[in-house]
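Trainee: how would this look folded up:
(chains A and B)
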There are 2 protein chains.
Amino acid sequence: MSFRTIEWRNDKVIMIDQTRLPSEEIYNEYDDFQGVAEAIKGMIIRGAPAIGVAAAMGVALGARDIIADTHESFFKQLDNVCETLARTRPTAVNLFWAINRMKRVAEAHRDKTINSIRALLKAEAISIEHEDLQICRAIGSHGAPLIREGSTVLTHCNAGGLATAGYGTALGVIRAAHDAGKKIKVFADETRPWLQGARLTAWELMKDNIPVTLISDNMAGWFMSRGEIDCVVVGADRIAANGDTANKIGTYSVAVLAKENRIPFYVAAPISTLDLTLATGDEIPIEERPAHEVTHIRGVPIAPEGVPVRNPAFDVTPAKYITAIITERGFVRGEYGTGLKALVGK
Amino acid sequence: MSFRTIEWRNDKVIMIDQTRLPSEEIYNEYDDFQGVAEAIKGMIIRGAPAIGVAAAMGVALGARDIIADTHESFFKQLDNVCETLARTRPTAVNLFWAINRMKRVAEAHRDKTINSIRALLKAEAISIEHEDLQICRAIGSHGAPLIREGSTVLTHCNAGGLATAGYGTALGVIRAAHDAGKKIKVFADETRPWLQGARLTAWELMKDNIPVTLISDNMAGWFMSRGEIDCVVVGADRIAANGDTANKIGTYSVAVLAKENRIPFYVAAPISTLDLTLATGDEIPIEERPAHEVTHIRGVPIAPEGVPVRNPAFDVTPAKYITAIITERGFVRGEYGTGLKALVGK
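Mentor: Residues are numbered from 1 along each chain as shown, chains lettered A, B, ... in the order given. Next comes the predicted model:
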């Protein structure tokens, strides 16, 4: 891939600014955890796995900057750092997964010096980033066989390199199928209101010379009914124990339309997106974002001033609409209750 | 209503410029048929019934300006005027219906002087406008009983006063229910790519103090699944003999989502939108519009330069998803083949 979503360099966190793509390819530097927290909240970086990596790096930056004489004080302040990062966005579970993993590393080395703990946290954050890339490649290789030669694949939002440490989850499956020599085409939903499909998915697929066609969200169903879409692959922000999947708003609609048109609907996500503590998707918190994301596009008003708006950032697709959930440890097709548990136990 | 969509005044055609709403409320004047044809093509005026009215007024302007010594020459040039207007947009049948009605008036009075024919055409165009308003009110009174007290009604695109001579078809039903004292709320899909919902429906409902909430198209299904939407009412651009309905792109998806969530899905349209010459919706021509409508919003780019785009302006909702079709002569619920034929024969 010809860009880096996030990396740790010279003790700073570097992120491509996803609010400015595709018109500008700008890399921002963050050297404290508050900056990283703001970047997650403001969607400089987005995508469940990517915000997991960002949060881990934020914890590492925070740990580095803590002024503490005692372990007690260090751990107390570390908790504050973690809490600030955890409060940025509520839906994607990878954020909490990454923060908890960082906390466990610190706890496990409580007997070491504060400086050693800082070094271990930095190493852990960098590992999380490296692992994420490997995980995406594994998701790709498990998912690619599901994509038939010559098919047109619909994707919604951006579950690509930009949503992960690189390669992508849904786009990882697409990339792996493309890399395996399958002649496939992609339809990208523009994904209102934030336009991740138009701005990010189209951009990264064009960079990789994977044929992509941009459509408005409300066109996907029509193209399905015309036989122009062969399957759907999307990412996920949180998957409950029964397979119910929270993902970008509009995913539910795509899934219903796919079922109505007998088109396979695949979810591609790392194991860290599973939240087996939740029995069903009803328990997943859904973030509501500000009205101006709907009423303004790139700063330009598109609606009457003061119009009331609803802006849920995610929806939940019931498991019954999902043909298979593809992870780095293989995929589960139906019977998600037992299937997902088995994968986690692997 | 506090605005006029289109009117004939001082031998000119005045239209509110729908490309500039809601930020500017500007009225354009057209004094030749070419201007009216361009206005229809460029969506200064849009909505099936409104473009029918505009085309009729365009024919009247064209007839007025024809320089002809003989009836033969006059009628030949009138054919050219009609052809220019008919080539503006392919999907809404009201355009062709209005042009044919104007042609029939001219033919029926072939024995009169050219000046008389011009006067009759002007009168006919003005009647079409006046009738359209009456028709919308009749659609409203037939449809209002279908809207339950306290319900939240979803609408897609703009089938309002701005899409007609006034009052609207889908919004006519909503207005009539509101005027009857029912406490209803409206969810308006923003309707990408042209944003008729965000720009026009939200604007005209706010003007009339009917509670409206703006959402992105891809949110409608999610709100249905949450029980937040009680019924759907949309307009139509062409209805085939079996009830299959062409309407703004995205309507098909809304209909499938409504069915999946057991929510009534109503189509409101004048009899002039019926095209009983077509057996099914497969025969309805679907306009594809320019890519820049998808890649740019109000002139601002939202996608990488050169990205391939599909932009069908309409889709066809199969009759099986439609709970009832509401017209000025009453509504048909299922069995559209016989029901629509009976309405036309009334």
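
Trainee: drop to CA atoms for contacts and neighbour counts, all remaining ones
Mentor: OK.

Trainee: For the stretch 201-346 of chain A, which residues are neighbours of chain B?
Mentor: Contacts of the stretch 201-346 of chain A with chain B, taken as C-alpha under 8 Å from any C-alpha of the partner chain, map to A:202-203, A:206, A:212-219, A:221-222, A:249-253, A:256-257, A:260, A:294-295, A:297-298, A:300, A:302-304, A:307-312, A:315-316.

Trainee: Revised request: answer the last question for the stretch 51-200 of chain A.
Mentor: A:191-193, A:195, A:198-199.

Trainee: what about 7 Å?
Mentor: A:192-193, A:198-199 (C-alpha under 7 Å from any C-alpha of the partner chain).

Trainee: Against B:Met219, how distant is the residue of the stretch 1-150 of chain A found nearest chain B?
Mentor: Minimum separation of the stretch 1-150 of chain A from chain B (C-alpha to the nearest C-alpha) falls at A:Pro22, amounting to 5.6 Å. Using C-alpha to C-alpha, to the nearest Å, we find A:Pro22 at a distance of 24 Å from B:Met219.

Trainee: With A:Ala241 instead?
Mentor: 24 Å.

Trainee: now do A:Gly52
Mentor: The value you get for A:Gly52 to B:Met219, if C-alpha to C-alpha is used, is 26 Å.

Trainee: Pick out whichever of these two has more residues nearby.
Mentor: For A:Gly52 and B:Met219, the more surrounded residue by other C-alpha atoms under 10 Å in any protein chain shown is A:Gly52, and the numbers stand at 30 against 24.

Trainee: my guess is the more buried one meets A:Leu95, correct?
Mentor: Yes - here A:Gly52 lies in contact with A:Leu95, judged by C-alpha atoms under 7 Å, at a distance of 4.3 Å.

Trainee: what touches both of the two?
Mentor: Here A:Gly52 and A:Leu95 share no contacting residue, scored by C-alpha atoms under 7 Å, 6 or more residues apart in numbering or on different chains.

Trainee: can you list the weak-confidence ranges in the stretch 1-150 of chain A?
Mentor: A:1 (pLDDT under 70).

Trainee: all strands for it, in order.
Mentor: Listed in chain order, the strands of the stretch 1-150 of chain A (DSSP state E, counting those that start in this stretch) span A:6-9, A:12-16, A:27-30.

Trainee: Neighbouring strands of the longest one in the sheet, and parallel or not?
Mentor: In this case it means strand A:12-16. strand A:6-9 (antiparallel), strand A:27-30 (antiparallel) (DSSP bridges).

Trainee: Off-centre distance for that strand?
Mentor: 17 Å (C-alpha atoms, centre = their mean, to the nearest Å).

Trainee: residues making contact with that strand?
Mentor: By C-alpha under 7 Å, 6+ apart, strand A:12-16 touches A:4-8, A:25-31, A:57.

Trainee: Format those as JSON lines; extra columns: neighbour count.
Mentor: Formatted as JSON lines, the contacts of strand A:12-16 follow (neighbours: other C-alpha atoms under 10 Å in any protein chain shown):
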{"residue": "A:Arg4", "neighbour count": "15"}
{"residue": "A:Thr5", "neighbour count": "23"}
{"residue": "A:Ile6", "neighbour count": "26"}
{"residue": "A:Glu7", "neighbour count": "21"}
{"residue": "A:Trp8", "neighbour count": "18"}
{"residue": "A:Glu25", "neighbour count": "13"}
{"residue": "A:Ile26", "neighbour count": "13"}
{"residue": "A:Tyr27", "neighbour count": "17"}
{"residue": "A:Asn28", "neighbour count": "14"}
{"residue": "A:Glu29", "neighbour count": "17"}
{"residue": "A:Tyr30", "neighbour count": "19"}
{"residue": "A:Asp31", "neighbour count": "16"}
{"residue": "A:Met57", "neighbour count": "32"}
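
Trainee: For the residue lying closest to A:Ile326 once chain neighbours are set aside, give its distance to B:Glu25.
Mentor: Excluding the flanking residues, the one nearest A:Ile326 by C-alpha to C-alpha, 6 or more residues apart in numbering or on different chains is A:Ala268, at 4.6 Å. Distance from A:Ala268 to B:Glu25, counting by C-alpha to C-alpha: 47 Å.

Trainee: How about A:Glu29?
Mentor: From A:Glu29 to B:Glu25 the distance is 45 Å (C-alpha to C-alpha).

Trainee: what does A:Asn311 give?
Mentor: Distance from A:Asn311 to B:Glu25, by C-alpha to C-alpha: 27 Å.

Trainee: same deal with A:Ile114?
Mentor: Taken as C-alpha to C-alpha, the span from A:Ile114 to B:Glu25 is 65 Å.

Trainee: picking that back up, for the strands of the stretch 1-150 of chain A, which one sits closest to B:Gly339?
Mentor: Nearest to B:Gly339, of all the strands of the stretch 1-150 of chain A, is strand A:12-16, at 58.8 Å by C-alpha to C-alpha.

Trainee: can you point me to the longest helix in chain A?
Mentor: For chain A, the helix with the greatest residue count under DSSP state H is helix A:114-143.

Trainee: and that one, how far from the chain's centre?
Mentor: Distance, centroid of helix A:114-143 to centroid of chain: 15 Å (C-alpha atoms, centre = their mean).

Trainee: Show me which residues of it are buried.
Mentor: A:114, A:117-118, A:120-122, A:124-126, A:128-129, A:132-143 (16 or more other C-alpha atoms under 10 Å in any protein chain shown).

Trainee: Which other helices and strands does it contact?
Mentor: helix A:48-65, helix A:93-108, helix A:170-179, strand A:324-327 (3 or more C-alpha pairs under 7 Å, 6 or more residues apart in numbering or on different chains; DSSP states H and E).

Trainee: neighbouring strands for the shortest one, and are they parallel or not?
Mentor: Counting by DSSP bridges, the strands paired with strand A:324-327 are strand A:265-268 (parallel), strand A:330-332 (antiparallel).

Trainee: For A:Gly281, give its distance to chain B.
Mentor: 12 Å (C-alpha to the nearest C-alpha, to the nearest Å).

Trainee: give me the number of residues near the nearest residue to that residue once chain neighbours are set aside?
Mentor: Leaving aside its sequence neighbours, A:Gly281 sits nearest to A:Asp244 (C-alpha to C-alpha, 6+ apart; 4.9 Å). When neighbours are defined as other C-alpha under 10 Å, A:Asp244 has 25 of them.

Trainee: Do I have it right that A:Asp244 meets A:Thr280?
Mentor: Yes - when contacts are counted by C-alpha under 7 Å, A:Asp244 is listed as touching A:Thr280 (6.0 Å).

Trainee: Name the residues contacting each of those two.
Mentor: Counting by C-alpha under 7 Å, 6+ apart, nothing touches both A:Asp244 and A:Thr280.
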